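J.: Sharing a model prediction with you, sequence too.
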Amino acid sequence: MNTFLTVTAADIQAVLPETILAAAGCLILLLEAFAPRLRPVFAWIALLAVAASQWTLIRLPEGTAFAGRLETSPLTWAVGLFLAGTAIVTLLIARPYLERTGEEKGEFYSLLLWAHLGALLMVRGLDLLIVFVGLETLSLSFYVLAAFFRGSAASSEAGLKYFLTGAFGSAITLFGVVLLFGRSGSIRIDALSQPELAGEPLVIVGVLMLVVGFGFKMSLAPFHAWAPDVYQGMPTPAVAYLSVAPKGASLIVLFRVFEALFQGQVPSRLRTAIAAVAVLSMLLGNIVALAQRDIKRLLAYSGIAHMGYVTIALTVFGPDALAAAIVYFFAYLVSNAGAFAAVSVLFRDETRDHPIGLLSGEGRRNPFPAAVLALCLLSLAGIPATAGFIGKFFVFKGAIEQGFYTLAVIGIGASLISIGYYLKVVYILYMRDPVEEGALPPLKASNGLALSLCGAAILALGIFPARLWDMAERAAATLPFFQP
Amino acid sequence: MSGPVPLLHVLILSVALFAIGLTGALLRRNAIHIFLSIELMMNAANLALIGYALSWGTPEGQIVVFFVIAIAAAEASVGLAIFVALFRHTKTIDVNQVNLLKW
Amino acid sequence: MTGSAMVFYAAAVLTVVFAAVMVVHRNPVKSTLALVVSFFGLAICYVLLSAPLIAVLQVIVYAGAILVLFLFVLMLLNLREEPAPPGSSRPIQTVLSGVAIVSFAGLMLGLIRASGDPAAGADPQPLTDIARVSRLLFSDYLLPFEAVSVLLLAALVGAFVLVYSEKRA
Amino acid sequence: MGALLRDHLLTVLIFLPAVGAALVLLFPASQARAAKVFALAVSIANFGLSIPLWTRFDGAEPGFQFVENARWIPALGISYSLGVDGLSVLLVLLTTLLTPLSLLFSLSHVEKSVRAFSMAFLLLETGILGSLVARDLALFYVFWEVMLVPMYFIIGIWGGARRIYAAMKFFLFTMAGSLLMFLAILWLAARHRAVTGDWSFALEDLAGLPIASGTQSILFLAFALAFAIKVPVFPLHTWLPDAHTEAPTAGSIILAGVLLKLGVYGYLRFGLTLFPESAMRYAPYVGALGIIGIVYGAMVAFAQKDMKKLVAYSSVSHLGLVVMGIGAFTSTALSGAMLQMINHGLSTGALFLLVGVLYERRHTREMAAYGGVAGIVPVTTAFFLVATFSSIGLPGLNGFVGEFLTFLGTWDSPFRWWSVVAVSGIILSAVYMLTLVQRVFWNPLVHEENKALTDMRPSELIPAAVLVVLMVWIGVRPNDFLAKINPTLEALRRTTIERTLAGGARTPHPVAAAETNP
Amino acid sequence: MSLWWILALPFAGFLANILLGPRLGKRFVSVVATGTVAAATLIAFSRLIPFVSGTRETVIESIGSWISTDRLSVDLALRLDPLSALMLSFVTFVGFLIHVYSVGYMHHDETDAGYARYFAYLNLFLAAMLVLILGDNFLLMFVGWEGVGLCSYLLIGYYYDREYAAAAGRKAFVVNRIGDYGFLLGLFGIFTLFGGFSYDAVFSAAAADPGRYAPALGLVCLLLFVGAVGKSAQFPLYVWLPDAMAGPTPVSALIHAATMVTAGVYMVARCNVLFRLATDAMMVVAIIGGFTAIFAAVIALAQNDIKKVLAYSTVSQLGYMFLACGAGAFVAGMFHVTTHAFFKACLFLGSGSVIHAMGGEQDIRKMGGLKSKLAITYPTFLIATLALAGIPPLAGFFSKDAILAAAFAWHPEKAAWIAKLLWAAGLLTAGLTAFYMMRLVSLTFHGAFRGTHEQEHHVHESPRSMTVPLIVLAFLSIVAGFFGLPVVFGEHANWVEGFLSPILLPLAGLAAEPHHLSHAVEWALIALSVAVAAGGLWLGWTWYAKQGGAVPARIAARYPAAYALVAERFRVDELYDALIVRPFVALSRILWKVVDVLIIDGVLNAGAFLVELLGDLLRFLQTGNVRNYALGILLGLVALMFYVVSGF
């Protein structure tokens, strides 16, 4: 049959970014097995791979490959950049961290690269199957990374919890995919753009299952419960990735599905339902975060709340909302990953918890990481001149513009609550006397680089957001019904 | 529609299996039990896929099931590895007792 | 009712019954074995639903490989009877789960009954042609196919990392 | 360089301190004192640069001067547009003046994390100046909030015993108000887009938008809340005593001297311009809250035992006067209120500075710990007396002119009875301030520790002397200052009244009504 | 030379003394302080003499605008007209004398810093007082008005380390501010009526069209008078003046007897055009004045502190002055201001000399028999006493008689009986004044010495710098009266009346001056007042100097309650304390502790606490049990499904 191999050179080229990641993962695996002395360069190899993959992605011509199943577009460039940024920060802080904890193994980098590959597929896939496979690749890698510290009961427990809830979530996602497939007759996302589908209850239920499944990845309330436990037990650099990248990829998938299915007019009930999820996430995340004593749990709850804000964009819907969400995710990336980077530096003993009180006086003992942490927290709190404010600015602008006043007011109220705990950490950093004495080892170069990158990016995006917004706006215009 | 039974019946079976899976996942304490139940849920989804695929007359559904089975295998290996790793620490995989991380 | 329909219903009953056994049985080994039976039942259904390839995979991969892996781990961990520790009853969890599952199943069944066959009028094609499925798999679905290879590799490496003993360092 | 200063003077003014703050980072920890001196030098240089604002500012021109325009976020029509007019010019100068004075005072008093202190102060100056000269609402909001952060650190790190509580309270209060304003700003911009098809956050674009009356009220209240908290207006004032009391002296000076004024400034600049009808409709309530503030602040001040708290509550009272003047909305009252803001900055700044002089020596703010120190520290006493009399409005000093004009203007407005109540403030202020003077400086010297007090050092004396010179200057030649502010205020007043009448508000402000039937 | 020099010189003296005085020593301070005041006095007289001998046209010297907005324009302008000339003459001159006196009085007690401070304040006071009297508009008057209040405050609290002095200073300032409250509102009223503050503009407008302003003027005048009540220590705001005696005695003489406290009278006289249009307000002024006169005189009867007696006497005499103004006799009021300045300053300085001699003792019960030891103080004190008592031909006789005559001649349209009652009160006050002053003289200078031996040994006459001013003032107390001879001595015998008449602008449409009394009635009134004064003096002399106080002691013993009430000054301070001060203190504490801390902060903190509590409770949803998490997911799904699907 002449149709046996329809794969073209263009297809192969289109999948080059993923190929690079997969290959680099294998390379590191092989080096781990046969040349473990090269471990110090693993992180740099991985970094190089991520950079090369992103560079390739940007260089690729716009269009689709694999019979319209894999997209290359401003959207994938933008979100790819977001994912790559997360991966880079993670890799930069991973090496010193793993070296310090004696857990440095090449598999960490391989798994991270493969997870990154999965996330990239989620973003680029125009077909729910690719998205699902990507999601599973990402998840599976992180099940392992969560339990990566074999010596730590907490890490194993984090792995267990993430795995069980993750698998549960995947099953629900899968059922949602099945329902959409069953009603549309195709696994492709664009097949959803049939006029009668948007009104079918089973389709809506399928969409809801996707919302739950991807909402789970985004740690939206009430699907959030895994996040604090998992973040707490997991190696910090892995959290830096997990708490950022999958969330962005998941939201993009939801936007794609919504856009294909509803084309701009989300049914009001569904809108309300999503708004309810957003409100619950914002309130629960922020209120419970107030009560946290462990910085990683605190950041987990803060992340829940932030996903609530982003979900406002999903509620508002439309090209501007997608662009706002992208901007928000960039802001969240630099702030949240930066915060975890700082946490990975400031806490020396990974066999213990990460109580906030241990940060007392770090502002004087460790001025640079503490300052970056404070900056990240202020950015998360949405103080102007930081990236976090820009994210909130665009999201709330969309909500106000489209008349979602109640949602905006609740969001604002929630962010007022959030200031309570962000500033609590800041004052512990700066306004308490140190509890721990003794000199600290000098900051590792790669940690310093990660912190500087995040800090600089927070300020740069906060002060000059115009280019980011332009990029996001172009990215959003990629979706067929979002084109101006 | 060329199947031996109406699509409706296939789907009812699928939902029933999914519900049974949910029951096991939510009510059993043994992690392996829970995981088995989740596998059942995925199989319920597979069944619905096959049913819909037959109904639409497209092989796409079957291909998806093919992937799901592969993914399930992968999940099983990772999951069971995690159970083993955890068991080394806690000597149990009763999820009621695995709550070091909470609040 | 055709014969194949009767076989289908019988397989369905088998599947559901053993699935239920899996859920309620205390002994995880026996539960696993019950699930094997249930999956066999499903495989029968697949055959009847024109998916012989999937049926075969179901038996070989699921029942044959995955569940055997389960049994292997169960034996490894020496988990048999699941003695209920005192105070392990969770009434709130139980009741809420019951309510949630019943309402979920009820709602789903209702919706499925209410919405007819979406493909009514679609052009039915025979799906038993394994070659056709395979061709599709290696053309349009080559990308997910390759991606799954990465997934499997990741799972392999992951499982290895997690349980391989500490001799390397 | 010359061109930079000519065409971008405001930009230089705003960002020179920020650049200075960044440069402070370059000083090693061992050179902390040099960092202090450097920061002081930067702030003095900034003051020097701000002098052209005084000399080249054309008082007869009511509009913006030293205007700068640049695109910032073009997609949303957000621009980097700056300018000063009579409303802001004096406040800008007050800021550039008080910052070096505070830093000079701190030269010998702040020992902990000196570099961070210098940075925080310079960044604070950037924030304040930015919000004073921004003509774009988004830009304004950014600076408005940025200001909070350094102040939070200043209170929280270098403050007194309850500094953390005070810092959090300060931050949360102010933030709570401004968040709603943030939404209101977004609403306005969205409205502009809905009406014209383009995004814009520029004040002049948003000012003329047609907005339904009810909506306008809500938006106005959102803005007013933000500003009222900052001022602070009763009953939103309770953050202020804590923040003032716990802040280090330099922080209190800036807080009282400038930060509070931003509330009033914001109300005048944005509240009135954007929502003339609502502002006029709610003016009676604004004024009433001002009056309550005057009497309430004064009475509560009288009950205090802590010097700084007393001065803090006196701020509530004084700012109440300013708010009342704005509510009355006659030209005289507005001039008085505007001048009184500057006066309060000088006199309360000086009071905090002088209380700081005592505090740095004895480390207590309790009045009971002092008494009879006039003979030990005569220079401090003398300055304190001048500041006190400036604060209670003795003619010849600045306070009188502002107070008198405000009272007179209010009397001249339809709200004559406000003045009748508010003038009682002159009695009450004498009561609490003279009680403070008596308890601290007079009475028998009973505490032996106080005999060892030393009088003011040059680094304390110079700022105090500068403030006193200004108090006398404004007191004797207020026209120098009134001439700069009056044309702008009058233009603002006219526009507001005209737009209120044009808008056909149901209940126009009595002043507006009176102006139409002379 | 410009009028501005007159006040600039003392101000320069103030600056020099406050900045340099503590370091340069007492000699420098003395020279600068007295020198600047002397120079100012010379300049003042160099302007006054041509003014008086010339055409007496009002001179206005402006140095520019002070405050100008589009509604308001106030100039920095000084004014020399008959009224300010009269004030200027005695303010500078008495001021100078008291500076000289202070050099001696303060020389031994104080450190260099204290000495410099004293003279700096004194100079500043003079500058402020000159602004008050020379200012050409109400606002400048207010500047001076507040300025003298400030100096009064500083000088009363001069001995700052004595709690009562510090408290007295504060009390003086606060009570004055209560008066200022009214004064300010009065100024606002003037602004509303006349649109400006310049004297010429206001008064000529009012005089030209009285009918237009009269209705509102009553209130405005009353408000202005509230200011005068505070500044000039009238009932009910007089309470600060007796306490003000805590300051150094020369201060009492200058500020609290001769000059500052008469500012209220000056202000009312300055505003005579307005007051004459407001007859009801005039009545109030007269009643307050008359009542204060007799009320304070009664209190003075039973005081034992030499300065307190004089203080209440001052209050009483100020009441006289207001009585005069209220009766429309502004000239008589101002004349009494002038003569009172001389003899009361003399009395205070004399008492200062006594206190100086007694080593600080102020209780007249511990004095006695000082007349031989204080050979200059005694006669001057006696002359001033007789002048105050109204014995002809001393100054007080003429001025007091003019007031009583005016009160008698006053025929208000409404309630004419009140005018007669006030006259009677004035007459009685004259008798009481004579009595308590004679009591004071008797107890202080006559009889046997009742103090300790050390004091007796210490008693000495004061230095020349103190006695010379006494002599000068005693001389003036004798001769000043001849400037205001009653009309019985001729139509133009009253030089002061002729001099001041230009300030009494004719009011359009209103009746001219009230009719004069006939000469017979006038003579009868003179005889009556002289008789009353002489009676008072005789009684005081008999009871205290000759009988040693036995009779009054018996009377006091018979009516203990009444005596105690008088001796304790009718317990007005206690009443104010209970009615105003304590409730105010309590209320401010309640506002702070209850409204601020409990209610406002309480609500906000409770809100914050509740949110945190909620967080603390909700965190337990995170049970750590993964099955619960899965249930949460399913419940969320089911809830969403039910909500969304039920809409289809």
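T.: Now that the structure is in, tell me what you want to look at.
J.: What residues does residue 84 make contact with?
T.: Since you didn't name a chain, this refers to chain A. A:Ala84 sits next to A:50-51, A:53-54, A:116 when contact means Cβ atoms under 8 Å, 6 or more residues apart in numbering or on different chains. All C-beta spots, glycine's among them, are computed from the backbone N, C-alpha and C.
J.: Sorry, I should have been clearer: chain E.
T.: E:133-134.
J.: Three-state assignment for it, please.
T.: With DSSP: H, G, I helix; E, B strand; the rest coil as the basis, E:Ser84 sits in helix.
J.: Relative to chain D, which of the contacts of A:Ala84 is nearest.
T.: A:Gln54 (24.4 Å; Cβ to the nearest Cβ).
J.: Give me the neighbour count for the closest one.
T.: 24 (other Cβ atoms under 10 Å in any protein chain shown).
J.: how about it, what does it touch?
T.: A:17, A:80-81, A:84.
J.: And the residue nearest the centre of chain C?
T.: What sits nearest the mean C-alpha location of chain C, by Cα atoms, centre = their mean, is C:Phe39, with 6.6 Å.
J.: Could you say which helix or strand holds B:Ile63?
T.: If you go by DSSP states H and E, B:Ile63 is part of helix B:60-90.
J.: let me fix that: C:Gly98
T.: helix C:91-114.
J.: Right, and chain B sits closest to which residue of the stretch 1-150 of chain D?
T.: D:Val149 (31.1 Å).
J.: one step back: and the helix holding C:Gly98, what other elements does it pack with?
T.: Under the contact definition 3 or more Cβ pairs under 8 Å, 6 or more residues apart in numbering or on different chains; DSSP states H and E, helix C:91-114 sits against helix A:201-217, helix B:7-27, helix E:626-645.
J.: In the stretch 351-500 of chain D, which residue sits nearest chain A?
T.: D:His363 (18.0 Å).
J.: before we move on, what SS does the residue nearest to the centre of chain C have?
T.: Classification of C:Phe39 using three-state DSSP returns helix.
J.: And D:Asp198, by the same measure?
T.: Here D:Asp198 is coil, with the state taken from three-state DSSP.
J.: surely E:Asp112 meets E:Lys26?
T.: Yes. Assessed by Cβ atoms under 8 Å, E:Asp112 is found in contact with E:Lys26 at 5.9 Å.
J.: quick one on the thing from earlier: list the buried residues for the helix holding C:Gly98?
T.: For helix C:91-114, a neighbour-count test (16 or more other Cβ atoms under 10 Å in any protein chain shown) marks C:93, C:96-97, C:100-101, C:103-105, C:107-109, C:111-112 as buried.
J.: on that earlier part again, which residues touch the residue nearest to the centre of chain C?
T.: Neighbours of C:Phe39 in contact, by Cβ under 8 Å, 6+ apart: B:43, C:15, C:58-59, C:62-63, C:67.
J.: Mind checking which of those land in helices?
T.: B:43, C:15, C:67 (DSSP state H).
J.: List the contacts of the nearest residue to the first one once chain neighbours are set aside.
T.: When you say that, I think you mean B:Asn43. Of all residues not flanking B:Asn43 in the chain, C:Leu42 sits nearest, at 5.9 Å (Cβ to Cβ, 6 or more residues apart in numbering or on different chains). C:Leu42 is in contact with B:43, B:46-47, C:11, C:15, C:58, counting by Cβ under 8 Å, 6+ apart.
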